[in-house]
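**Student:** structure, please.
(one chain, ligands or ions: 1)
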Amino acid sequence: MEEIENQIEILITEDGSSSLRRKDLQEGYHSTFGAIAESRHIFIEAGLRKVGKLPEINILEIGFGTGLNAILTIEFANKENQSINYQTIEKYPLKKDIISQLNYGEILHLEEEFDKMHKFSWNETNELNPYFTIHKIDKPAEEIVYPKDFFHLIYFDAFAPQFEEKLWRKEVFENLFLSLKKGGILVTYCCKGEVKRMLKSSGFDIEKLPGPKGKREILRAIKS
Ligand SMILES: C[S@@+](CC[C@H](N)C(=O)[O-])C[C@H]1O[C@@H](n2cnc3c(N)ncnc32)[C@H](O)[C@@H]1O
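**Tutor:** As a prediction, the model looks like this:
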């Protein structure tokens, strides 16, 4: 685990939800136009909602960070009575004193769930409630061997290619492609030409969708 605590600053985005920024990279964890609004738009509405109802949905997240995508997924699971198995990878786990300053639990009325999810130990499977099971892994995502033909959905939410070059590589996308079931979906905020080309050559069909406020387009890639 690498420590990055002294490089993190906290901020409030336009929709009132908090976010973080890495000072060393000059890179934010979310859009300053609204962290919750952005994550809902990209990962929940363009990704999870598109999967449809299943007995259980297996989700892989690349970049757990603040846990915002996870808590929005918990909100979805609870509201839709949808069983979800969530696996999430993080190279730089955040310390408690930073997590305790995030306001997602409060805004979403899921304070208990937000605390519980963060308190679960890394590298083991934990049941948050009858609808939601989570397994957090504290390793670089590019070093993990993923199960084949397993996930219905991938949230690819790493820092931008110029900051995490090892992750935005064809070998990584090929592995993620293999880890998805047929019809499985990968969603990401990044619409760069090079990313689209790597996704296509890894086997994905891609579609550009309108982005959240401040972002013209996002990407949804499908294993057809
Ligand atoms: C854009 S932030 C988004 C985080 C998260 N989804 C959220 O809502 O807070 C990207 C995250 O990817 C993590 N990360 C960076 N490199 C990584 C790597 N090689 N493997 C796994 N996670 C990584 C960062 O530490 C950061 O938490």
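**Student:** interface residues of this protein facing the ligand?
**Tutor:** Residues of the chain found near the ligand (Cβ under 6 Å from any ligand atom) are 29, 39, 62-66, 68-69, 89-92, 140-142, 157-159, 164, 167. Where C-beta positions appear, they are placed from N, C-alpha and C, glycine not excepted.
**Student:** which among the residues you listed count as buried?
**Tutor:** 29, 39, 62-66, 68-69, 89-92, 141-142, 157-159, 164, 167 (16 or more other Cβ atoms under 10 Å).
**Student:** among these, which are located in helices?
**Tutor:** 39, 68-69 (DSSP state H).
**Student:** can you lay out those residues as JSON lines showing distance to Lys53?
**Tutor:** Formatted as JSON lines, those follow (distance: Cβ to Cβ, whole Å):
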{"residue": "Ser39", "distance to Lys53": "21"}
{"residue": "Leu68", "distance to Lys53": "24"}
{"residue": "Asn69", "distance to Lys53": "20"}
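**Student:** in TSV: those residues, plus distance to Asn81 and pLDDT.
**Tutor:** Putting those into TSV (distance: Cβ to Cβ, whole Å; pLDDT from 0 to 100) gives the following:
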residue	distance to Asn81	pLDDT
Ser39	21	98
Leu68	22	98
Asn69	20	98
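**Student:** closest one to Gly183 out of these, please.
**Tutor:** Nearest to Gly183 among those is Asn69, at 21.0 Å by Cβ to Cβ.
**Student:** I figured the closest one hits Asp157, correct?
**Tutor:** Yes - counting by Cβ atoms under 8 Å, Asn69 does reach Asp157; the two are 6.2 Å apart.
**Student:** any common contacting residues for these two?
**Tutor:** 43, 61 (Cβ atoms under 8 Å, 6 or more residues apart in numbering).
**Student:** tell me which stretches of the protein form strands.
**Tutor:** Using DSSP state E, the strands of the chain run over 8-12, 18-22, 27-28, 57-62, 84-89, 125-129, 132-137, 151-156, 180-188, 205-210, 217-222.
**Student:** residues making contact with the longest one?
**Tutor:** By that I understand strand 180-188. Identification of contacts with strand 180-188 by Cβ under 8 Å, 6+ apart yields 42-43, 46-47, 50-51, 149-157, 176, 195, 199, 204, 218-224.
**Student:** of those, buried ones?
**Tutor:** 42-43, 46-47, 51, 151-157, 176, 195, 199, 204, 218-223.
**Student:** can you read off the pLDDT for the nearest residue to Ile154 once chain neighbours are set aside?
**Tutor:** Ranked by Cβ to Cβ, 6 or more residues apart in numbering and with sequence neighbours excluded, the top spatial neighbour of Ile154 is Leu186, at 4.2 Å. The score at Leu186 is 98. That number is its pLDDT.
**Student:** ok, Leu186 - how many residues close by?
**Tutor:** Number of residues near Leu186 (other Cβ atoms under 10 Å) recorded here: 26.
**Student:** go on, the one 5 residues further on?
**Tutor:** Burial of Cys191, expressed as a neighbour count using other Cβ under 10 Å, amounts to 16.
**Student:** phi and psi next, for it.
**Tutor:** Note on Cys191: backbone dihedrals following degrees, to the nearest 10 are phi -120, psi 20.
**Student:** just the pLDDT at Glu2, thanks.
**Tutor:** 55.
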